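**Q** Quick check, what structure comes out for this input:
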Amino acid sequence: MKIAFLSTFYPYAGEISVGNAMLYRTIERSNEIKAFNFSLLYPELIYPGKEKFVDAHSNDDIIQSKRILNTANPASYYYTAQSINEFKPDVLLTRYWLPYLGASIGGTAKFINKKTKKFAIIDSMRAENSIIFEEKLNKIFVNNYDAFIVLNQQSKDDLLSIRPDAVCIEHPRPFFTSSGDKVEQNIARKILNIPIDKKLLLFYGEIRYYKGLDTIFKALTELDDTFHLLIVGNSHTNYEYENRKIKDLNIENKITIISRNPNVNEIPYIFAASDLLLLVVEKEMSQEIISNSFSLELPVIATDVGRYKEYFDSFGLIIERVDSELLKEAIKKYFDEDLKKTFINNLIDIKYNRSWESLATIIYDIYDKLKEQEDYTTF
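**A** Numbers count the residues shown, from 1 in each chain. All right, here's what the predicted structure looks like:
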């Protein structure tokens with residue numbers, strides 16, 4: 001099968017681009033695929049400061065793509081379609097996560113050869129802050145595609161409210177795949193100089209006010225000396241505030257700090273050394289840490305924000321809010337009831353359904369069914 005993939009790829013930064021690269025690599029194993037990218041995604045006039053590109057030290061997968069679609073230039077919709085048509089794909093695949101894209105992605109699809117099946121993966125059909133003509137832009141998009149894969153119930157409801165007869169399959173949002181294989185815990189702890197016999201809690205990522213580290217410190221004071229906290233990531237105070245807090249609470253012997261962002265080869269050791277990841281946050285964080293937890297099989301305690309309940313309902317414990325008492329009780333429950341084995345077994349059961357391979361299979365299945373219907377109608 002020949003597939004044209006129209007969306008964001010390198011050098012664009014962000015979760016959509018990273019996920020697209022993973023799906024691209026999955027599809028290319030057994031298909032001919034070509035990436036078509038944006039030359040301009042977010043105009044400065046409409047989205048000031050939102051156009052983000054990867055930095056020179058990024059580990060992002062460099063997908064070779066043709067940067068051609070300018071969302072602010074309707075003429076580019078036609079030129080993009082012509083370029084895609086020259087490739088003669090069986091399928092045009094795209095991603096949709098913002099109503100603003102309705103005109104460009106929908107407009108491009110309008111000029112695609114009728115023999116090409118047009119599929120869209122929908123992350124969201126709603127802007128964070130409602131924009132003018134949102135409903136009209138969504139309609140332009142929806143009415144120019146043949147089939148849809150929705151990654152959540154809200155998107156499915158929004159899609160079917162516009163087009164009740166749409167060919168639509170819901171698929172859980174895939175987790176990113178972390179690089180590196182699993183490592184034995186004892187080996188990982190020796191390499192990181194972490195006590196072998198401790199119940200190791202992990203705080204991972206750059207320290208920010210909304211990430212609940214103070215709450216974790218407070219909970220740690222109420223846990224016995226068998227518990228140990230590993231903190232990995234940068235601090236904008238160079239750990240001056242954190243070290244002072246740790247000293248005031250007299251928990252220096254219960255904490256190890258790696259005061260920098262780890263390189264990609266260190267991540268498997270950090271997650272293997274740990275028993276439990278703490279996401280005691282006020283708002284949902286990047287999918288990178290979620291995907292590391294998933295790929296490297298480290299259960300989680302998380303607050304009930306964003307999509308965390310959806311992600312971790314069978315792979316961790318959810319607490320209602322950022323609260324040291326709730327966190328302490330959840331930590332004790334996790335270890336007292338030996339939930340790690342249960343959660344990892346649950347993860348193995350759902351892992352394929354949360355994979356890019358599973359999503360790719362849905363794309364192939366939809367194409368086969370549409371071709372069967374077409375052949376039957378022609379016959």
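
**Q** Please make it C-alpha for all contacts and neighbour counts, starting now.
**A** Noted.

**Q** just checking, what packs against the longest helix along the chain?
**A** For the chain, the helix that runs over the most residues, judged by DSSP state H, is helix 356-378. Counting contacts by 3 or more Cα pairs under 8 Å, 6 or more residues apart in numbering; DSSP states H and E, helix 356-378 packs against helix 15-28.

**Q** If you count contacts, what does the helix it packs on end up packed against?
**A** Secondary elements touching helix 15-28 (3+ Cα pairs under 8 Å, 6+ apart): helix 356-378.

**Q** Okay, buried residues for the helix it packs on please.
**A** Buried residues in helix 356-378, defined by neighbour count with 16 or more other Cα atoms under 10 Å: 356, 357, 358, 359, 362, 363, 366, 367.

**Q** Distance from that helix to the middle of the chain?
**A** Distance of helix 356-378 from its chain centroid, counting by Cα atoms, centre = their mean, to the nearest Å, is 25 Å.

**Q** picking up where we left off before, which residues touch the longest helix of the chain?
**A** Applying Cα atoms under 8 Å, 6 or more residues apart in numbering, the external contacts of helix 356-378 come out as 22-23, 26-27, 91, 117, 119, 147, 171, 174-175, 352-353.

**Q** now these: which count as buried?
**A** Neighbour counting with 16+ other Cα under 10 Å marks 22, 23, 26, 27, 91, 117, 119, 147, 171, 174, 175, 353 as buried within the contacts of helix 356-378.

**Q** Show me which positions of the helix or strand of the chain at the bottom of the mean pLDDT ranking end up buried.
**A** Of all helical and strand segments in the chain, the minimum by mean pLDDT, DSSP states H and E falls on helix 287-295, at a mean of 78. The neighbour-count criterion (16+ other Cα under 10 Å) identifies 288, 289, 290, 291, 292, 293, 294, 295 as the buried residues of helix 287-295.

**Q** Just send these back as CSV, with distance to residue 337 too.
**A** Listed next are those as CSV, based on distance: Cα to Cα, whole Å:
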residue, distance to residue 337
288, 28
289, 25
290, 23
291, 25
292, 24
293, 20
294, 21
295, 23
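
**Q** ok, back up a step: hmm, which two among the buried ones among the contacts of helix 356-378 are most spread apart?
**A** Between any two of the buried ones among the contacts of helix 356-378, the greatest separation by Cα to Cα is 26.2 Å, found for 117 and 175.

**Q** tell me the mean pLDDT for the longest helix of the chain?
**A** Here helix 356-378 scores 85 as its mean pLDDT.

**Q** all helices in the stretch 101-250 of the chain, in order from the N-terminus.
**A** Secondary structure of the stretch 101-250 of the chain (DSSP state H, counting those that start in this stretch): helices at 102-110, 134-142, 153-162, 185-192, 213-221, 240-248.

**Q** Which elements pack onto the fifth one?
**A** In this structure, helix 213-221 packs against helix 324-336, with contacts taken as 3+ Cα pairs under 8 Å, 6+ apart.

**Q** Ends of stretch 35-54, what's the gap?
**A** Start and end residues of stretch 35-54 are separated by 18 Å (Cα to Cα, to the nearest Å).

**Q** Show me which residues of it are buried.
**A** Using 16+ other Cα under 10 Å as the test for burial, stretch 35-54 gives 35, 36, 37, 38, 41, 42.

**Q** Redo those as CSV? Include secondary structure and pLDDT.
**A** Compiled in CSV, the buried residues of stretch 35-54 are given as follows (DSSP: H, G, I helix; E, B strand; the rest coil; pLDDT from 0 to 100):
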residue, secondary structure, pLDDT
35, strand, 98
36, strand, 98
37, strand, 98
38, strand, 98
41, coil, 95
42, coil, 92
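
**Q** got a markdown table for the residues you listed, with distance to residue 332 too?
**A** As requested, those are exported to a markdown table (distance: Cα to Cα, whole Å):
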| residue | distance to residue 332 |
| --- | --- |
| 35 | 48 |
| 36 | 50 |
| 37 | 48 |
| 38 | 49 |
| 41 | 47 |
| 42 | 46 |
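
**Q** Just confirm residue 78 contacts residue 104, I think it does.
**A** No: the criterion here is Cα atoms under 8 Å, and residue 78 misses it with residue 104 at 9.5 Å.

**Q** When those two are compared, which one has more neighbours?
**A** residue 104 (25 against 19; other Cα atoms under 10 Å).

**Q** Thought residue 71 was touching that one, still the case?
**A** Yes: with contacts counted by Cα under 8 Å, residue 104 reaches residue 71, the gap being 5.2 Å.

**Q** Can you pull the residues that touch both of these two?
**A** residue 77.

**Q** sorry, back to before: what's the angle from the least confident helix or strand of the chain to helix 15-28?
**A** Here the directions of helix 287-295 and helix 15-28 differ by 40 degrees (axes from the mean of the first three to the mean of the last three Cα atoms, to 10 degrees).

**Q** Starting from helix 287-295, tell me the next helix or strand along the chain.
**A** strand 300-303 (DSSP states H and E).

**Q** So which other helices or strands are in contact with that next one?
**A** strand 276-279, helix 308-312, strand 316-319, helix 324-336.
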